[in-house]
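Chemist: what's the 3D shape of this:
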Amino acid sequence: MAAISRAAVGPALDDLFALARVIELGSFAAAARELGVPTSTLSRAVQRLEASMSVRLLHRTTRSVRVTEEGAELHQRVAPALLVLRDAVRDVEASESVPRGRLRVTAPADIAATFIADVIGDFTRTHPEVDVELLITQRLVDLVAEGVDLAVRAGVLRDSSLISRRLGAVHAWLCASPDYLARRGVPRTLAAVPEHELVLFRPNRGRARWVLHSGSRKATLDVRGRIACDDFTFVRAALVAGAGLGLLPAPSAARDIAEGKLVHVLGAHAGDLGALHLVYPSSRHLPAKVTAFRDFLVERFATYCEPGAGAAGARSNHASQR
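Modeler: A predicted model of the protein is given here:
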């Protein structure tokens with residue numbers, strides 16, 4: 001499509017708005033009060049229109065303003081279009097204050113299937129004018145090119161032009177199903193854990209090292225498991241099925257624990273799976289739907305991370321998502 005030049009557009013829209021309000025309100029003074037500008041500003045706007053069109057649009061005296069035949073014809077033709085433009089601008093301004101429209105979010109499978117699913121359900125009930133589309137993938141998504149508003153990602157973030165907000169460090173909870181614990185017994189100490197059937201996440205030849213924290217104390221367990229996977233979604237499913245004992249991200253385990261499908265074992269101890277971040281293209285002029293979802297997610301995630309991390313202010317560091 002060819003570019004439209006200013007000359008092709010003709011008189012400036014601001015000047016046309018000024019003329020329309022002077023005609024509709026019957027005076028420069030009334031229009032100036034409504035628009036919050038000096039009367040001289042409106043007078044110059046009308047003069048520019050008249051000069052650009054080489055025609056008189058208003059007859060002015062010290063006491064009154066009367067529209068000319070040419071001015072009345074121009075007003076009759078442009079007023080409907082100016083009304084549409086004004087309404088369009090107001091609609092856009094309203095969308096910046098009220099969350100609405102389609103929100104595209106991306107997250108890895110293990111976080112998306114549990115924690116993010118719960119958050120999205122509650123968020124859409126709270127904000128009925130927002131539709132959420134979730135892209136579940138482990139790959140690094142080009143947010144701008146793929147039209148994604150916000151990403152949830154784990155791990156160390158490399159420098160880029162994007163903005164990252166740290167949600168907090170993800171805790172890992174030791175979990176097992178009630179059936180498994182009824183069959184094998186509940187471990188009462190960390191020393192008893194390696195004697196259990198274990199489901200491991202990304203082991204090395206069937207072995208892994210679990211580092212568990214309890215306050216300032218740290219314990220290291222060298223464990224072996226016959227079942228292993230590189231996806232926490234499978235680990236969770238295996239634990240729910242009674243396959244053994246394993247570490248799960250707290251956001252992934254919380255619902256199953258609440259529903260009685262899993263039991264949080266040795267609850268004073270937790271592992272650390274690293275930090276989770278929100279990533280988005282820019283912190284300037286974010287749509288209301290993005291800021292609303294970001295703040296909603298931060299508040300909800302605070303339950304599962306180290307004290308205060310979820311409620312911390314935004315940190316404008318650079319991220320690896322693009």
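Chemist: Regarding this structure, what is its longest strand?
Modeler: Longest strand of the chain, by residue count under DSSP state E: strand 163-176.
Chemist: Can you name the helix or strand that the residue most central in space within the chain falls in?
Modeler: Nearest to the mean C-alpha position of the chain, by C-alpha atoms, centre = their mean, lies Val290 at 3.5 Å. Element membership for Val290, per DSSP states H and E: helix 288-301.
Chemist: quick one: contacts for Asn195?
Modeler: One correction, residue 195 is Glu, not Asn. Pro187 (C-beta atoms under 8 Å, 6 or more residues apart in numbering). Just so you know, the C-beta spots here come from the backbone N, C-alpha and C atoms, and that holds for glycine as well.
Chemist: Need the pLDDT of it.
Modeler: Glu195 is assigned a pLDDT of 94 by the prediction.
Chemist: Likewise for Ala88?
Modeler: 74.
Chemist: Number of residues surrounding it?
Modeler: Look at Ala88: counted by other C-beta atoms under 10 Å, it has 10 neighbours.
Chemist: Over to it. Which of the three states is it?
Modeler: Three-state call for Ala88 (DSSP: H, G, I helix; E, B strand; the rest coil): helix.
Chemist: what sits against the residue nearest to the centre of the chain?
Modeler: Shown in contact with Val290 (C-beta under 8 Å, 6+ apart): 103, 149-150, 280.
Chemist: which parts of the helix or strand following the longest strand of the chain are buried?
Modeler: Downstream of strand 163-176, the next assigned helix or strand under DSSP H and E is helix 178-184. Within helix 178-184, the residues that count as buried by 16 or more other C-beta atoms under 10 Å are 180-181.
Chemist: Kindly report the same for stretch 218-226.
Modeler: Neighbour-count burial for stretch 218-226 [16+ other C-beta under 10 Å]: 221, 223, 225.
Chemist: And stretch 273-281, by the same measure?
Modeler: For stretch 273-281, by 16+ other C-beta under 10 Å, it's 273, 275-281.
Chemist: Same question for stretch 70-89.
Modeler: Under the neighbour-count criterion of 16+ other C-beta under 10 Å, stretch 70-89 has 71, 74-75, 78, 82 buried.
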